[in-house]
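K.L.:
Requesting a structural model of the entry that follows:
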Amino acid sequence: MFLILDNASPLFLKLMSSDNIIVSHQYKKINILNRVLRKIIVSFLSIDCSLFYESWKNSIANFSVIIIYAYRNNINVIKYICKKKQPNQRVIVWYWNPVFRCVHPDLIKDLDCELWSFDFNDCQCFNLKFNTTYYFRNLELPQSSIEKIDVFFCGLNKGRKKILDSIQKKMVENDLLCHFHVVDEQLPMEEQKPRLSYQENLEYISSCKAVLDVLQEGQDGMTLRVMEALFFQKKLITNQLSLVKADFYHPNNIFVIGKDDWNNLKSFMNSPIFHISEEVKYKYDFFSWIERFGEKASL
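P.N.:
Below is the predicted model:
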């Protein structure tokens, strides 16, 4: 049986769960004051923080595989589980973001756990094992009441504002209607755009023709936006050059910035979507991702 510790949206937690997979947040849900207190305590690595952990901490021995999502501030959780694990258990730390945004592998590589990543570059640089990004084949887009748009992007700034601005300029030059919802974490909180819920994000995807994907500098793993375009049969505009080698790549579906000519963007947008087989899509389904860790989950 699998235990997955993530801080994902309730929708994702529900889609991950099955008879053989228990999914939980890493920390208890607490009020703002206690979250501030927790943040202070967690910053001291020698302090036992298990008081803040969800109820999974009482049943660790029941699971054959424990998958922990790597966050910048969860080294205490990883150390706690590695200390409590049984000899026959596997502990997998999953890097779902580039290493520079997560707990550094050097801080946990000597613990009794396996380190896996979605990013080829990070796997080579830090000796991590590779698994693909994943999505959910049973997730359906809602019927959206949002005005139809050509290109949609949603995400944090993460140093991408300059390139996002230049791409938006290209969109305008090609008479494309775009909506970029960029949350600039460098601005004061009161000046930042509100973060969209994932349901709101799906509303916009439902209304758009193409999803824009802009990688953070140094990243090479497939993002959630790539998966959204693949599973919902939307066009993808991306600066990830390596996607031309992906098994789902087709020039009708994916416009690669740095490879394709901006003068052909309008014709790309007007070309029909090439159908990608369900067999290829299934490779990137959540349960296929689980299986690639080496122990099959009940589907």
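K.L.:
Please point out which parts of whichever strand or helix holds residue 152 sit buried.
P.N.:
In this assignment (DSSP states H and E), residue 152 forms part of strand 149-156. Buried residues in strand 149-156, counted by 16 or more other CB atoms under 10 Å: 150, 151, 152, 153, 154, 155. Heads up, the C-betas are built off the backbone N, CA and C, glycines and all.
K.L.:
any idea of the mean pLDDT in it?
P.N.:
Average pLDDT, strand 149-156: 94.
K.L.:
what packs against it?
P.N.:
helix 161-173, strand 178-183, helix 198-207, strand 208-213 (3 or more CB pairs under 8 Å, 6 or more residues apart in numbering; DSSP states H and E).
K.L.:
Just name the most buried of these.
P.N.:
Neighbour counts (mean count of other CB atoms under 10 Å) averaged over each of those peak at strand 208-213, with a mean of 24.
K.L.:
same question for that strand, mean pLDDT?
P.N.:
97.
K.L.:
Only the C-alpha atoms, please, for that strand, written as CSV.
P.N.:
Extracted in CSV, the C-alpha atoms of strand 208-213 (Å, rounded to 0.1, in the frame of the first residue of the first chain):
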residue,chain,number,x,y,z
CYS,A,208,-8.8,28.7,-24.5
LYS,A,209,-7.4,27.3,-27.8
ALA,A,210,-3.8,27.1,-26.6
VAL,A,211,-1.9,26.8,-23.3
LEU,A,212,1.3,28.7,-22.9
ASP,A,213,4.2,27.0,-21.0
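K.L.:
helices and strands of this structure: which one has the lowest mean pLDDT?
P.N.:
Across the helices and strands of the chain, mean pLDDT, DSSP states H and E gives its lowest value to helix 32-42, namely a mean of 70.
K.L.:
Paired strands for the following helix or strand past it, with orientation please.
P.N.:
Next helix or strand after helix 32-42 toward the C-terminus (DSSP H and E): strand 65-69. Sheet pairing for strand 65-69, assigned by DSSP bridges, gives strand 2-5 (parallel), strand 90-95 (parallel).
K.L.:
now the last one: how far from the chain's centre is it?
P.N.:
Which is strand 90-95. Distance of strand 90-95 from its chain centroid, counting by CA atoms, centre = their mean, to the nearest Å, is 15 Å.
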